[in-house]
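[1] quick one: sequence and predicted model below, then my questions.
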Amino acid sequence: MSIIYENEVKGMGDMVEAFVEEGMFVLFGENAPDTLKDFCYTISVKNATDTIAAGQTLEIDGKSYEIVGVGDVVQKNLEALGHITVNFTGNVEGALPGSLVVAKSDVPKLKLGSVIKIIA
């Protein structure tokens, strides 16, 4: 197993928990539009070292979540903008192109310094 992506939460908007009831949270790089900043966890824009795919593991602060779906623009948006939605519903059907879907689980509460990894 190898880490193909690693990042850290650098900031958080006042409304980051707005999507918890819908089973998701939003990541965005430092250049998030003003209209979205309040709803996002801020991360640095970084490249993955390999292709992000279903069957890999999303790890947040040491807790693992199986990736069950990867939207068509997840890799592109993550690497260019630091922007994806992480969806914890387990429902790949109808997921947006920028969504990384993991097996059904409670949405973790991120904090400043939380570490996000994708492991192949």
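    Arrived safely.
[2] what segments of the protein are strands?
    3-8, 11-12, 24-28, 40-42, 57-60, 63-70, 84-87, 99-102, 115-119 (DSSP state E).
[3] among the ones you listed, which is nearest residue 50?
    Closest approach to residue 50 among the strands of the chain (C-beta to C-beta): strand 3-8, 4.2 Å. Placement of C-beta: from N, CA and C, glycine included.
[4] looking at the residue lying closest to residue 109 once chain neighbours are set aside now. What's its pLDDT?
    In this structure, residue 109 finds its nearest non-sequential neighbour in residue 17, 8.0 Å apart by C-beta to C-beta, 6 or more residues apart in numbering. At residue 17, the model reports a pLDDT of 92.
[5] and the one 3 residues further on, by the same measure?
    At residue 20, the model reports a pLDDT of 94.
[6] dump the residue contacts of it.
    The neighbours of residue 20, taking C-beta atoms under 8 Å, 6 or more residues apart in numbering as the test, are residue 107.
[7] redo that, cut-off 10 Å
    By C-beta atoms under 10 Å, 6 or more residues apart in numbering, the contact list for residue 20 reads 88, 106, 107, 108, 109.
[8] then residue 119?
    1, 2, 3, 4, 5, 6, 56, 57, 58, 59, 64, 67.
[9] ditto for residue 76
    Residues in contact with residue 76, defined by C-beta under 10 Å, 6+ apart, are 83, 84, 97, 98.
[10] which PyMOL command selects the buried ones in these?
    Written as a PyMOL command, the selection of buried residues from those, which uses 16 or more other C-beta atoms under 10 Å, is:
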select buried, resi 83+84+98
